[in-house]
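In: Just a sequence and a predicted model for now, questions to come.
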Amino acid sequence: MRAAFADRNFKYLLIGPAIFVLLLIGVFPLVYLLIVSFQGITMTEVSTEFVGGRNYAQLFDDVRMWEALLHTVIFTAIALPIELLLGLAMAQLFLEKLPGRQIFIALLVLPVVVSPIVSGATWSLLFDHRFGPINQVIGWITGNDTAILWTIKPNLVYPAIIAAEIWQWTPFMFLLLLAALANVDKSQLEAASIDGAGWWRTFFRIVLPAIWPVMAIAILIRGLDLFRLFDIIWALTRGGPGTMTETISMFTYVKGFQQFETSYTAAVAFLVIILLSAVVMLALKRVELAR
Amino acid sequence: MMTIKQRATIRTALRLVAAVVITLIFVFPMYWLFMISFKTPEEIYSFPPKWYPGQIHFANYAVLFKDGDAKTVWNSLVVAGSSTIIAMFLGTICAYSIARFRTGGEHLANWIISQRMIPPIAVVFPIFLLFVWLHLVDTYIGVIILYTAFNLPYVIWMMRGYILDIPKALEESALVDGCTRWQVIWKVVFPMCRAGLFATAIFTFVFAWNDFLFALVLTRSEATTYTVQITHFFGGQSNFWAKISAMSVLGTLPIFIAVAFMQRYLVRGISLGAVKG
């Protein structure tokens, strides 16, 4: 009896500190956020009087906020499929034996561990209109001196940011999909080949279902990361020109820490959490992360 | 008519060419960053740009140390290092409890991993207000608390997986031999999942080390991390490429070295343990 009692205490003692920290930093802020979002605090207004749903009503008329949300969706919708397909193609390329395979893979994974702010900085070096190698190479191809303003011209900022994003995270997809492809049952592939199934047929009937669980997790992790896209854009364009590349994370930052619209920012942040939670819950139902 | 062997050789050769081209494309940005950091200012601002430095030149790094910018790398080391140690300890004992005693059941485990998915921008705003009130803005302690909390779900989740991988029998026999429950954790569990602990710690460190948004919001000058400092070198009219590149290399090189030793655990680490690799 005594031993069982001690066990129960012990197991709660072990999780206690971690749960305390998580509640302090994970749950308290959310509750506080919710309260503040119904108040009217701004840079000049410090009164904590409740103003009802005014901040939430304001959200619906805030064109800049909806645009920021749209930009976030655009970045995600373009970058994610490209990263996935490119990563899959690369995984296929490196699946079979190849001289120096391990060295190639070791080099290819480097972008994944680089700080996004560093990769943003690196790409602004590469995109520099005068001293960057990208314009130089384009110059070689076209034969003229090229001075394209990649991070300033409205029609080029999206390709520029997406290029940096793809460079950094395609290797993530590549690594996960390579591991998944390596685990596909070889005997099934052999059986398919004996039956005379073509490459595409084999891929869609056998390979894809086998790697789907991993693929789904990769998509989920990257999708969530893309939704909070901030660092790379901060280094490359700061959301510019104007607010053309401003994501929802950047918009929230500007409202809260540059314009000090405290209560309104809380409402925006809460909206972000609700949107994201809905997506995550839908996604987690389809993805088996817990094993 | 080609033999099957010849065809296989050609196929491998083509794949090798493709592999080299792709790898060069992905490595090139890093090469450029490192290369710029070794150029003299005249070389950096020469037109057309040169693809290699005239000679390896360390003055850009010397300037970082002279101007005190390098202190931000030290700040990053302090906050990322401390938060990693704390998160690893708290997270691993919590993971042990969840893995072995099923504390809190599935709900607790799911709640913990869902904490990882909350977008930082939404959490950082109320935390900033809290930290202003507690006078924790721009202090090591403030940043360490935040990084610890941010990384805890990851540590718990990963360590739970690693602990589930090791057999329970050893712990039971240690208990029978008269070890206390704490001794079991110290002397049996930690050594048994040493590789997992090490891999998880590296990733935890990298997440904290690479963070930008939290540091941007919660530091001013005293606790500024290297990622925030890099953005200070972006000017309105011109960018200080020498400093940007040298600082970026200082921040990136340690991670490359750490990850080189972690190749085996990389896939498991970045996939939140979903892929054992």
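Out: Sure thing, it's come through.
In: going forward, measure contacts between C-alpha atoms and count neighbours the same way
Out: Will do.
In: Please enumerate the strands of the stretch 101-250 of chain B.
Out: Assigned by DSSP state E, counting those that start in this stretch, the stretch 101-250 of chain B shows no strands.
In: Tally up the residues packed near the closest residue in space to B:A260 that isn't next to it in sequence, please.
Out: Leaving aside its chain neighbours, B:A260 sits nearest to A:A106 (7.4 Å; criterion: C-alpha to C-alpha, 6 or more residues apart in numbering or on different chains). A total of 14 residues lie near A:A106 under the criterion other C-alpha atoms under 10 Å in any protein chain shown.
In: gap between the most centrally placed residue in chain B and A:D195?
Out: Nearest to the geometric centre of chain B sits B:V206, at 1.1 Å (C-alpha atoms, centre = their mean). According to C-alpha to C-alpha, to the nearest Å, B:V206 and A:D195 sit 48 Å apart.
In: so does stretch A:78-98 get close to chain B?
Out: Yes. Using C-alpha under 8 Å from any C-alpha of the partner chain, we find that stretch A:78-98 touches chain B at A:93-94, A:98.
In: can you list the weak-confidence ranges in the stretch 1-150 of chain A?
Out: A:1-6 (pLDDT under 70).
In: Tell me how many other residues crowd residue 23.
Out: Picked chain A for this. Neighbour count for A:L23, taken as other C-alpha under 10 Å: 15.
In: Actually, chain B is the one I wanted.
Out: B:T23 - counted by other C-alpha under 10 Å - has 18 other residues nearby.
In: right, and B:I144 touches B:A80 too?
Out: Yes. Using C-alpha atoms under 8 Å, B:I144 is in contact with B:A80, at 7.2 Å.
In: Tell me which of these two has more neighbours.
Out: More neighbours surround B:A80 than the other of B:I144 and B:A80, with 25 against 21 (other C-alpha under 10 Å).
In: okay but that one is in contact with B:F205, surely?
Out: Yes. If you go by C-alpha under 8 Å, B:A80 and B:F205 touch, sitting 5.5 Å apart.
In: which non-adjacent residue is nearest A:L69?
Out: Using C-alpha to C-alpha, 6+ apart, the closest residue to A:L69 is A:I248 (5.2 Å).
In: which residues sit in contact with the one you found?
Out: A:I248 is in contact with A:65, A:68-69, A:71-72, A:228, A:272, counting by C-alpha atoms under 8 Å, 6 or more residues apart in numbering or on different chains.
In: same thing with B:I156?
Out: B:91-92, B:94-95, B:112.
In: List only those of those residues flagged as buried.
Out: B:91-92, B:94-95, B:112 (16 or more other C-alpha atoms under 10 Å in any protein chain shown).
In: so which pair among those is furthest apart in space?
Out: The distance between the two most remote of those (C-alpha to C-alpha) is 13.2 Å, for B:T92 and B:I112.
In: Now do residue 229, the pLDDT please.
Out: Using chain A here. Looking at A:L229, its pLDDT stands at 91.
In: The intended chain is chain B.
Out: B:Q229 carries a pLDDT score of 92 in this model.
In: Wait, it touches B:A70, no?
Out: No. Applying C-alpha under 8 Å, one finds B:Q229 not in contact with B:A70, separated by 9.2 Å.
In: Indicate the residue of the stretch 151-277 of chain B located nearest to chain A.
Out: Nearest residue of the stretch 151-277 of chain B to chain A, counting by C-alpha to the nearest C-alpha: B:N210, 4.4 Å away.
In: That residue - how many residues pack around it?
Out: Neighbour tally, B:N210, other C-alpha under 10 Å: 23.
In: Quick one: residues contacting B:V124.
Out: B:214, B:217.
In: which helices and strands sit right next to the strand or helix carrying A:E165?
Out: A:E165 is located in helix A:154-182, with elements delineated by DSSP states H and E. Helices and strands touching helix A:154-182, by 3 or more C-alpha pairs under 8 Å, 6 or more residues apart in numbering or on different chains; DSSP states H and E, are helix A:63-95, helix A:110-113, helix A:116-127, helix A:208-227, helix A:231-236, helix B:263-270.
In: Now do the buried residues in that helix.
Out: Neighbour-count burial for helix A:154-182 [16+ other C-alpha under 10 Å]: A:157-162, A:164-181.
In: Specify the angle between the helix or strand A:L282 falls within and helix A:63-95 in degrees.
Out: In this assignment (DSSP H and E), A:L282 forms part of helix A:262-286. Relative orientation of helix A:262-286 and helix A:63-95, computed by axes from the mean of the first three to the mean of the last three C-alpha atoms, to 10 degrees: 30 degrees.
In: what packs against helix A:262-286?
Out: Using 3+ C-alpha pairs under 8 Å, 6+ apart, the elements in contact with helix A:262-286 are helix A:28-37, helix A:54-61, helix A:248-253, helix B:120-134.
In: distance between the helix or strand bottoming out on mean pLDDT in chain B and the chain's centre?
Out: The weakest-scoring helix or strand in chain B, judged by mean pLDDT, DSSP states H and E, is helix B:105-117 (a mean of 79). Distance, stretch centre to chain centre, for helix B:105-117: 22 Å (C-alpha atoms, centre = their mean, to the nearest Å).
In: Tabulate the CA atom coordinates of it in CSV.
Out: These are the backbone C-alpha positions of helix B:105-117, laid out as CSV (Å, rounded to 0.1, in the frame of the first residue of the first chain):
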residue,chain,number,x,y,z
GLY,B,105,-2.6,9.4,-20.1
GLU,B,106,-2.8,10.2,-23.8
HIS,B,107,-4.4,13.6,-23.1
LEU,B,108,-1.3,14.9,-21.3
ALA,B,109,1.0,13.7,-24.0
ASN,B,110,-1.2,15.2,-26.7
TRP,B,111,-1.5,18.5,-24.9
ILE,B,112,2.2,18.7,-24.5
ILE,B,113,2.9,18.2,-28.2
SER,B,114,0.1,20.7,-29.1
GLN,B,115,2.0,23.3,-27.0
ARG,B,116,4.8,23.0,-29.6
MET,B,117,2.4,24.0,-32.4
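In: So what touches that helix?
Out: Residues outside helix B:105-117 that contact it (C-alpha under 8 Å, 6+ apart) are A:26, A:224, A:280, A:290, B:98, B:150-151, B:153-154, B:156-157.
In: Tell me which two in those are the farthest apart.
Out: The widest separation within the contacts of helix B:105-117, taken as C-alpha to C-alpha, falls between A:L224 and B:I98 and amounts to 25.7 Å.
In: For those two, indicate the residue with more neighbours.
Out: Shown here are A:L224 and B:I98; by other C-alpha under 10 Å, B:I98 has more neighbours (26 against 17).
In: quick one: the strand or helix carrying that one near chain A?
Out: Taking DSSP H and E as the criterion, B:I98 maps to helix B:71-101. Yes. With C-alpha under 8 Å from any C-alpha as the criterion, chain A is reached by helix B:71-101 at B:90-91, B:93-98, B:101.
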